[in-house]
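Trainee: predicted model and sequence follow; I will ask about them next.
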Amino acid sequence: MDTLNLAACQAAAADWWKTAVIYQIYPRSFQDSDGDGVGDLAGIESRLDYLCDLGIDAIWLSPVFPSPMADFGYDVSDYCGIDPVFGTLEDFDRLVASCHDRGLKLLLDFVPSHSSDRHPWFLESRSSRGNPRRDWYIWRDAKPDGSPPNNWIGEFGGPSWTWDEATGQYYHNTFLPEQPALNWQNPELRAAMLEVIRFWYRRGVDGLRVDAITHVAPDVDKGDNPPNPDWAPHMGPTHSHLQANSKNQPEGYRIVRLMRQVSDEFPDRVLIGETSGSLGEVMSYYGDALDLFHLPFNFMLLRARWDAAEIAGLVETYEAALPEGGWPNWVLGNHDIGRIASRAGPAQARVAAALLLTLRGTPTLYQGDELGLENAVIPPAAVQDPWEKRVPGLGLGRDPARTPMAWQPGEGAGFSSADPWLPLCLPAEGDAARQSAAPGSILAFIRALLQLRREEPCLQIGSYRTRQAGDGLYVFDRSMPEGAVTVCLNFTSRPQATGLGGEVLLSSDPARPRGLSSGLVLAPDEAVILRQ
Ligand code: GLC
Ligand code: MG
């Protein structure tokens with residue numbers, strides 16, 4: 001390691017999550033080890049070498065806790081256990097140890113805004129109005145005409161209130177009726193949930209991705225949500241109203257501060273928030289004193305039109321909005337949105353990966369995106385996602401981005417010996433084994449990108465500056481006092497002259513020679529990283 005690398009690594013070593021690349025695993029679809037068609041913890045452990053070869057630093061697992069799976073694990077019935085479909089706590093401990101042996105960090109999903117309606121706390125809460133845990137959830141009387149306390153609509157359609165016949169009150173649910181909202185105003189509930197954070201940290205977990213945090217403190221007595229003047233039916237029922245009183249309420253920030261304080265009781269843990277809303281709202285979750293999330297998820301690329309000028313514009317807007325000392329982060333895909341290879345088009349998948357992995361900040365890479373996986377077509381009989389079932393036909397369903405990993409040739413593509421829980425969709429460039437052996441594959445390119453990112457301090461901690469953006473070309477610098485690299489992205493299917501020269505460090509086009517180049521002309525859909 002030369003002195004430049006050494007200095008940069010020392011500077012960043014204080015906060016591992018600043019230079020880390022996070023890889024999101026959707027456990028149901030990663031690797032099945034016991035032949036039930038659903039991925040599990042032992043399956044993840046068996047694929048850790050693949051992840052090390054890929055070159056990521058941390059894995060984040062979507063929920064693996066006991067759950068009736070009404071929302072595939074985001075309906076938790078025991079915060080301190082492992083669902084049998086995924087394995088046991090012993091399997092989990094082994095996975096943590098195996099990750100740490102390889103130098104990988106492991107992050108879990110923490111789902112604080114709601115539990116499952118099967119959680120023992122909720123069973124108690126709904127058992128009678130006088131139960132000591134009644135107030136652990138949000139109960140309200142009906143209006144005089146019997147209707148719910150306000151007009152709020154659930155994230156998956158339908159009222160966000162569910163009538164409980166036995167006790168004659170409504171309970172609040174932000175998502176499904178099977179996901180009753182927890183009442184963080186109750187001190188005992190609050191203490192019990194904060195203890196869950198300690199439980200997993202004591203087991204060696206390196207951080208948490210905190211689910212649906214914008215919904216943690218709904219102000220149910222504040223009244224109806226106002227209609228959304230810009231609503232159109234294709235947006236789905238939830239957006240017919242602005243979530244002015246239900247999301248991003250002041251009390252929510254106090255709750256996140258408590259989570260952060262507990263997180264800070266343990267060294268080197270990272271707290272990531274699933275923040276959504278306006279850019280200002282996302283930024284507000286850093287906290288004025290940087291005392292909330294280390295990384296409030298930045299979802300700007302998820303909904304962006306795939307256009308060079310547009311994306312450069314939003315990168316600049318985001319950079320400018322960051323609070324002093326706030327560390328940026330980028331997300332290109334996850335289990336809730338269509339695949340990037342489909343959103344940007346398969347030809348642009350390499351450009352998109354280059355963007356994610358060279359922008360300033362911590363990237364989160366979604367499983368399967370490294371193979372260029374596209375949205376699957378899910379036949380109606382195979383639909384699993386409750387959102388699609390409740391609000392069909394609008395394309396809101398999330399199954400297309402949740403299909404199993406295709407590992408190798410043969411039945412089940414190495415994912416499972418049984419019928420997979422969602423249909424298998426083969427990436428256009430083939431399964432992981434085939435792509436591993438093909439130097440020109442998207443997998444090979446992403447490995448090379450991750451390796452370059454490791455070797456090149458500019459890409460880890462250098463500053464960001466736009467050089468050029470428009471007409472399908474986006475060029476930016478990542479610089480340190482010692483030097484800079486320049487990222488050139490061709491968002492079009494025609495050649496693009498950059499007018500730049502330098503040493504080609506990496507190209508998405510395997511045919512491009514490395515070494516010095518002048519008057520660089522990008523091939524269609526090409527990404528090049530230069531040292532100037
Ligand atoms: C988050 C999760 C999503 C889940 C929802 C409810 O948005 O990412 O998958 O359905 O919260 O927990
Ligand atoms: Mg299994």
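Mentor: That came through fine. Ligands and ions are numbered 1, 2, ... in the order given.
Trainee: got any ranges where the stretch 51-200 of the chain has weak pLDDT?
Mentor: By pLDDT under 70, the stretch 51-200 of the chain has no low-scoring segment.
Trainee: measure how buried the residue of it found nearest ligand 2 is and give me the count.
Mentor: Closest residue of the stretch 51-200 of the chain to ligand 2, C-beta to the ion: Val85 (6.4 Å). In this view, the C-beta of every residue, glycine as well, is placed from N, C-alpha and C. Burial of Val85 is recorded as 21 neighbouring residues (other C-beta atoms under 10 Å).
Trainee: what's the nearest residue to it if we skip its chain neighbours?
Mentor: Val38 (5.3 Å; C-beta to C-beta, 6 or more residues apart in numbering).
Trainee: contact partners for the one you found?
Mentor: Arg28, Asp32, Val85, Phe86, Ser416, Pro420, Trp421 (C-beta atoms under 8 Å, 6 or more residues apart in numbering).
Trainee: will you turn the residues you listed into a markdown table that also has secondary structure?
Mentor: Output for those, formatted as a markdown table (DSSP: H, G, I helix; E, B strand; the rest coil):
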| residue | secondary structure |
| --- | --- |
| Arg28 | helix |
| Asp32 | coil |
| Val85 | coil |
| Phe86 | coil |
| Ser416 | coil |
| Pro420 | coil |
| Trp421 | coil |
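Trainee: from those, pick the one nearest ligand 2.
Mentor: Asp32 (4.0 Å).
Trainee: name the nearest residue to the closest one, sequence neighbours excluded.
Mentor: Ser416 (3.7 Å).
Trainee: look up how far Pro63 lies from the residue nearest to Val85.
Mentor: 13 Å (C-beta to C-beta, to the nearest Å).
Trainee: for ligand 1, what's its nearest residue on the protein.
Mentor: Tyr74 (3.3 Å; C-beta to the nearest ligand atom).
Trainee: surely that residue and Val111 touch.
Mentor: Yes - at 5.7 Å, Tyr74 counts as touching Val111 under the criterion of C-beta atoms under 8 Å.
Trainee: the two: which is more packed in?
Mentor: Using other C-beta under 10 Å as the criterion, Tyr74 and Val111 rank with Val111 on top: 28 against 24.
Trainee: residues in contact with that one?
Mentor: Applying C-beta under 8 Å, 6+ apart, we find Val111 in contact with Pro63, Phe65, Tyr74, Val76, Tyr79, Asp211, Ala212.
Trainee: circling back: show the backbone phi and psi for the residue of the chain closest to ligand 1.
Mentor: phi -80, psi 20 (degrees, to the nearest 10).
Trainee: so which residues on this protein come close to ligand 2?
Mentor: Counting by C-beta under 5 Å from the ion, the chain comes close to ligand 2 at Asp32, Asp34, Asp36, Val38, Asp40.
Trainee: report the separation between the fourth one and Trp200.
Mentor: When C-beta to C-beta is applied, the distance between Val38 and Trp200 equals 22 Å.
Trainee: ok, now the last one?
Mentor: Asp40 sits 18 Å away from Trp200 when distances are taken as C-beta to C-beta.
Trainee: try the third one
Mentor: The gap separating Asp36 from Trp200 is 25 Å, by C-beta to C-beta.
Trainee: and if you look at Cys425?
Mentor: Distance from Cys425 to Trp200, by C-beta to C-beta: 32 Å.
Trainee: with Pro404 instead?
Mentor: In terms of C-beta to C-beta, Pro404 sits 26 Å off from Trp200.
Trainee: more neighbours, these two?
Mentor: Pro404 (29 against 23).
Trainee: check contacts around the more buried one.
Mentor: Ser29, Phe30, Asp32, Gly39, Ala413, Phe415, Ser416, Pro420, Trp421, Leu422, Leu424.
Trainee: is it possible to export those residues to CSV including pLDDT and neighbour count?
Mentor: Converted to CSV, those look like this (pLDDT from 0 to 100; neighbours: other C-beta atoms under 10 Å):
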residue, pLDDT, neighbour count
Ser29, 99, 26
Phe30, 99, 26
Asp32, 98, 26
Gly39, 98, 29
Ala413, 98, 20
Phe415, 98, 24
Ser416, 98, 25
Pro420, 98, 21
Trp421, 98, 22
Leu422, 98, 21
Leu424, 96, 18
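Trainee: could I get the pLDDT score of whatever residue of the stretch 201-350 of the chain ends up closest to ligand 2?
Mentor: For the stretch 201-350 of the chain, the residue closest to ligand 2 is His335, as judged by C-beta to the ion, at 17.6 Å. pLDDT, His335: 98.
Trainee: identify the residues contacting it.
Mentor: Neighbours of His335 in contact, by C-beta under 8 Å, 6+ apart: Gln24, Tyr26, Ser62, Tyr366, Arg398, Ala401, Arg402.
Trainee: widest-spaced pair of these?
Mentor: Largest separation among these by C-beta to C-beta: Gln24 and Arg398, giving 13.5 Å.
Trainee: with neighbour numbers in mind, choose between those two.
Mentor: The residue with more neighbours, out of Gln24 and Arg398, is Gln24; 24 against 19, by other C-beta under 10 Å.
Trainee: does the helix or strand harbouring that one reach ligand 1?
Mentor: Secondary structure from DSSP states H and E places Gln24 in strand 22-25. No - judged by C-beta under 6 Å from any ligand atom, strand 22-25 and ligand 1 are separated, with a smallest distance of 10.0 Å.
Trainee: tell me which strands and helices that strand is in contact with?
Mentor: Strand 22-25 sits against strand 58-61, strand 362-366, with contacts defined as 3 or more C-beta pairs under 8 Å, 6 or more residues apart in numbering; DSSP states H and E.
Trainee: now with 10 Å?
Mentor: helix 48-54, strand 58-61, strand 105-110, strand 207-210, strand 329-331, strand 362-366 (3 or more C-beta pairs under 10 Å, 6 or more residues apart in numbering; DSSP states H and E).
Trainee: okay, those, which one's buried deepest?
Mentor: strand 207-210 (a mean of 26; mean count of other C-beta atoms under 10 Å).
Trainee: what pairs with that strand, and is each one parallel or antiparallel?
Mentor: Using DSSP bridges, strand 207-210 pairs in its sheet with strand 105-110 (parallel), strand 270-273 (parallel).
Trainee: give me the contacts around whichever helix or strand comes after the shortest one.
Mentor: Right, strand 270-273. Following strand 270-273 in sequence order, the next helix or strand is helix 279-284 (DSSP H and E). Residues outside helix 279-284 that contact it (C-beta atoms under 10 Å, 6 or more residues apart in numbering) are 214, 247-248, 252-253, 256, 273, 275-278, 292-293, 296-300, 314, 317-318, 320-323, 326.
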